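Enquirer: Build me a model from this:
(3 chains)
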Amino acid sequence: MTRLGGLGTASAVLLAVVAAVTLLAPLMAPYDPDFPDLMSALSGGTAAHPLGADALGRDVLSRLMYGARTTLIGPVLIICVSTVAGATLAITAAWAGGRVDAVISRLLDILFAVPGIVFALVTVAVLGPGIPGVVTGLAVAYTPYVARVVRSAALRERSLPYVAAAWVQGRSAFAICARHLLPNLRPIIVAQSVSALGFAVIDVAAVSFLGLGVQPPTADWGLMVKSGLDSAQRGQPLEAVAAGVMIALVVAAVNVLGDRLGRRR
Amino acid sequence: MSLLSIEKLALAVPAGREWKTLVEEVDLTIGRGEAVGLVGESGSGKSMTARAVIGLTPPGARLSGKILFDGVAVPSGRALRELRARRIAMIFQDPRAHINPVRSVGDFLTEAMVTNLGVPAREAVARAVRLLAEVGIGDGARRLRQYPHELSGGLLQRVMIASVLAVEPDLILADEPTTALDVTTQSEVMAILDELRRERGMAMLLITHDLELAAATCDRLAVMYAGRIVEARPSHELTATPLHPYTSGLLLSRPSLEEVTHRLPVIPGRPVAAFEADPGCAFAPRCAHALPSCGEARPAFDGTVACARAADLTLQGDS
Amino acid sequence: MTVIEAEGLRKVYGEAVAVQEVSFAVEEGQSLAIVGESGSGKTTVARMLLGLETPTSGTITVCGRPRPGGRVSSKERRRRAREIQIVFQDPYSSLDKLQRIGDVIATSLSLHFTLTPAELRRRTTELLESVGLAERHAAMLPKQLSGGQRQRVAIARAIAVEPRVLVLDEAVAALDVSIQAQILNLLADIRERGEISYVFISHDLAVVNQISDTAIVMHRGEVVERGPTADLLRDPKEDYTKALLAAVPRPGWKPTRRNRAK
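Expert: Numbering: from 1, shown residues only, chains lettered A, B, ... in the order given. Purely as a prediction, here's the structure:
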């Protein structure tokens, strides 16, 4: 842990706590996140509702805890899919070189040029609002983010003599890529995908905020910022602030961690 | 009085909570106009010794001992920069890493003359062309407009030498100046360095792993092993009748152009750094002549050799 | 028997001709040196022999079988691996830094031979010992070994498949003088033990003298002189070979400059 530094360790702890809460929300949350306690609506912080209740009287703290799931599961899925796709494309391009590399690289350049939100809008238009559409679109959008960095690292690694030695020994291209290149590239892949996770959290929250992602009444941080804005106009900003702060904290922690993991190389 | 005198130099670098000793008990002197070769394998501390002279030690390094240049302790800070700019110059193994790639050869050569010596810019250019001619680069005016990436390693090393000549320092520290070059280029670059150094009466400390190269271009040689000098003598004496088993081993294990031996006489094991060495003679574990007592006390360097058995051994040299 | 026959090799990269009209043959058990400086094309020749580069024109015949360029099946590559292997210059990057030494050798063995786990372990240890390492090195990672030890591992990996020819591309150039001698002796021992031929690529004439029977001297992509190594070094005919020889530091040698511009 010393290698991560103070800030890095703090980030890792924060993310671990968030992950634990995400899993244990049903045990830890003080209320059912969907139970409307109309008496407490827009109450602000009280002993019963530490972070207040929203316009429908639902407990904000409970909704934050449950919302972590829907808010984070999307980005995590996006990063898993785009990392696997990106690393595969990158290593294939670096290994094959020539025309294959040229085609893959151009494709990645094109994907990179289009903002992720635009992809999400397109897939949501096709698949309908909700997590599947958002994840599909953003997974495609995030693929070049991992692939471009990994490709250049893979090109460097591929030029090392040990790779030529393995080839001369008669090892298959797949074995060399899977047994030698992939393990050696792992630190770069991990660092890159962790820092992409930060952006994915923001993008997914943004799509939900636009009303195209998670649908109400499901608890979600992006949606909470949105509904919280209405509450704020009615004099009670706590819901929007709490959800916004959580998004900011998670994104910051993920970025710090990605940076520290990348630096260790 | 010698130009450079190093006494009891020791250098250690921090490694976690411990200190790793790289150089210890090094005594070395260089007279005015004299060329001294500092020879050793990897980890011997030869480079660190040279770098210590001009304060180019790794960050956090702990240095002790005395380094006197022209009778005065080598200063630090501004005065050290002054010394480096005018009186001690260094030539590195990889010239490309020590020349700013986005500035032209002309900028590189004239900058030191203009800022350090106060030569007018126009005259500096003329002098740069003359210097390039001296190092065997004929079309100087064109070369001055070129950039480092347009020049081969051999040409760039000659530009480096020209830049040293521009300030005419009293001492040149040459750290493996030809190791990255081809053999024919090495011969040429060493010849240029040797000739121009003698003409101008500049002293040189040549750091190299190549005993024969050092013997051919230096007046005296010092052989380093595990951070210490094990033998220091005039070049032809050291190579003809080595006193330290390591020196002899280095000379013999190098294959020869004239004859082929069935098996080369080898020094077993691998070279160690000072911090890896056992308490006794650092070379004892690899030495064919070692006695049990060699592993107990570290032999002191008497100005010529550091070997407990030097007096009773007759060792083979290269002739 | 001729194990390698290269005929009229030529390699062109865009406009630049790296190698042209290079022909040579290596007999079984023989050691051929390819001598040259940087840019001579010697490494390109080595890479073509191993199929790491495809010649622009010319033919390579290994163990009587021609080797056309282009794609070949994995099975054919494994067969070719048994004929020719290589040891590279840099002992640091020629091993995968994450792979344990024992696995380096075992992977090589299991790719080419059907062995039981016990046989595999025994053979791995044998090979490590045959290059002067010990069983305990098998569990180590490359970073725990010195440069000379890593080069020994690279040699063990190459001879594990029992090739007919071993190409050594500046294989001792990056090593300390005292280690260089150890590796040269090891290579001499390996050649005495079996019917292996060497193609020894080097810029170092003293090393070439020690390890090769015949030599070709390359300059700017072409062969300028060839012959038995002893004759070539005692009585060079070509100016380039003479210049190369004159540049080697040795007792009584002085560096010389070719010309001094005025």
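
Enquirer: Let me see the contact set for residue 66.
Expert: Picking chain A for this. A:25, A:29, A:33, A:219 (C-beta atoms under 8 Å, 6 or more residues apart in numbering or on different chains). From N, CA and C alone the C-beta is placed, and that goes for glycine too.

Enquirer: please go with chain C instead
Expert: Per C-beta under 8 Å, 6+ apart, neighbours of residue C:66: C:59-60.

Enquirer: Among the contacts of residue A:66, which one sits closest to chain C?
Expert: For the contacts of residue A:66, the residue nearest chain C by C-beta to the nearest C-beta is residue A:25; the value is 38.9 Å.

Enquirer: okay if I get the contacts of residue A:66 as TSV plus secondary structure and neighbour count?
Expert: Listed next are the contacts of residue A:66 as TSV, based on DSSP: H, G, I helix; E, B strand; the rest coil; neighbours: other C-beta atoms under 10 Å in any protein chain shown:
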residue	secondary structure	neighbour count
A:25	helix	19
A:29	coil	18
A:33	coil	20
A:219	coil	26
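
Enquirer: Going C-terminal from the helix or strand hosting residue A:155, what's the next secondary structure element?
Expert: Element membership for residue A:155 (DSSP states H and E) is helix A:131-158. Proceeding C-terminally, helix A:131-158 gives way to helix A:161-168 as the next helix or strand, assigned by DSSP H and E.

Enquirer: got any ranges where chain C has weak pLDDT?
Expert: Scanning chain C for pLDDT under 70 picks out C:258-262.

Enquirer: Could you pick out the longest helix of it?
Expert: helix C:177-193 (DSSP state H).

Enquirer: Next secondary structure element downstream of it?
Expert: Where DSSP H and E defines the elements, the next helix or strand beyond helix C:177-193 is strand C:197-202.

Enquirer: What is the neighbour count of residue C:60?
Expert: Residues near residue C:60, counting by other C-beta atoms under 10 Å in any protein chain shown, number 22.

Enquirer: what sits against it?
Expert: C:4-7, C:9, C:48-49, C:66-67.

Enquirer: for those residues, which one is nearest chain A?
Expert: Closest to chain A out of the contacts of residue C:60 is residue C:49 (10.1 Å), distances taken as C-beta to the nearest C-beta.

Enquirer: Quick one: residues contacting the closest one.
Expert: By C-beta under 8 Å, 6+ apart, the contact set of residue C:49 is C:4, C:6, C:60, C:62, C:84, C:165, C:167, C:199.

Enquirer: rewinding a little: tell me which residues in the helix holding residue A:155 are buried?
Expert: A:131, A:133-151, A:153-155, A:157-158 (16 or more other C-beta atoms under 10 Å in any protein chain shown).

Enquirer: for the spatially most central residue of chain B, helix, strand, or coil?
Expert: With distances taken as C-alpha atoms, centre = their mean, residue B:207 lies nearest the centre of chain B, 1.9 Å away. Taking DSSP: H, G, I helix; E, B strand; the rest coil as the rule, one finds residue B:207 in the strand state.

Enquirer: Name the residues linked to it by a beta bridge.
Expert: Listed beta-bridge partners, residue B:207: residue B:38, residue B:175 (assigned using DSSP bridges).

Enquirer: Within range of chain A, give me the residues from the stretch 101-250 of chain C.
Expert: C:107-108, C:111-112, C:154, C:157-158, C:161 (C-beta under 8 Å from any C-beta of the partner chain).

Enquirer: Looking at those, which one is closest to residue B:57?
Expert: Of all those, residue C:154 has the smallest distance to residue B:57: 33.9 Å, by C-beta to C-beta.

Enquirer: Settle this for me: that closest one is touching residue C:87, isn't it.
Expert: Yes - between residue C:154 and residue C:87 there is a contact under C-beta atoms under 8 Å: 4.9 Å.

Enquirer: List the residues that contact residue 105.
Expert: Here I'm looking at chain A. By C-beta under 8 Å, 6+ apart, the neighbours of residue A:105 are A:93, A:151.

Enquirer: That was the other one, I meant chain B.
Expert: By C-beta under 8 Å, 6+ apart, the residues touching residue B:105 are B:143-148, B:151, B:159.

Enquirer: Selecting buried members of those in ChimeraX, what would you type?
Expert: In ChimeraX, this line selects whichever of the contacts of residue B:105 come out buried by 16+ other C-beta under 10 Å:
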select /B:143,144,147,148,151,159
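
Enquirer: dump the residue contacts of the closest residue to chain C within chain A.
Expert: Taking C-beta to the nearest C-beta as the measure, the point where chain A comes nearest chain C is residue A:170, at 3.5 Å. Listed by C-beta under 8 Å, 6+ apart, the contact set of residue A:170 reads C:74, C:77-81, C:111-112, C:161.

Enquirer: quick check, nearest of these to residue B:138?
Expert: Residue B:138 lies nearest to residue C:80 out of these, by C-beta to C-beta, at 49.3 Å.

Enquirer: wait, isn't the closest one in contact with residue C:68?
Expert: No - assessed by C-beta under 8 Å, residue C:80 is found out of contact with residue C:68, at 11.6 Å.

Enquirer: More neighbours: those two, which one.
Expert: residue C:80 (20 against 9).

Enquirer: helix, strand or coil for the more buried one?
Expert: Using three-state DSSP, the structure places residue C:80 in helix.

Enquirer: could you measure the residue lying closest to it once chain neighbours are set aside against residue A:163, distance?
Expert: Closest residue in space to residue C:80, ignoring its immediate chain neighbours: residue C:51 at 6.7 Å, by C-beta to C-beta, 6 or more residues apart in numbering or on different chains. Residue C:51 sits 14 Å away from residue A:163, going by C-beta to C-beta, to the nearest Å.

Enquirer: now swap in residue B:133 and tell me
Expert: Taken as C-beta to C-beta, the span from residue B:133 to residue A:163 is 46 Å.

Enquirer: Equivalent analysis for residue C:67, please.
Expert: Counting by C-beta to C-beta, the gap from residue C:67 to residue A:163 is 21 Å.

Enquirer: Just the ones in helices from the residues of the stretch 101-250 of chain C next to chain A, please.
Expert: Here DSSP H is the test, and those give C:107-108, C:111-112, C:154, C:157-158 as lying in helices.

Enquirer: Close to chain B: what parts of chain A are there?
Expert: So chain A never meets chain B (C-beta under 8 Å from any C-beta).

Enquirer: hey, where'd the helices end up in chain A?
Expert: For chain A, the helices defined by DSSP H occupy A:5-28, A:60-96, A:98-113, A:116-127, A:131-158, A:161-168, A:173-175, A:182-209, A:221-233, A:238-263.
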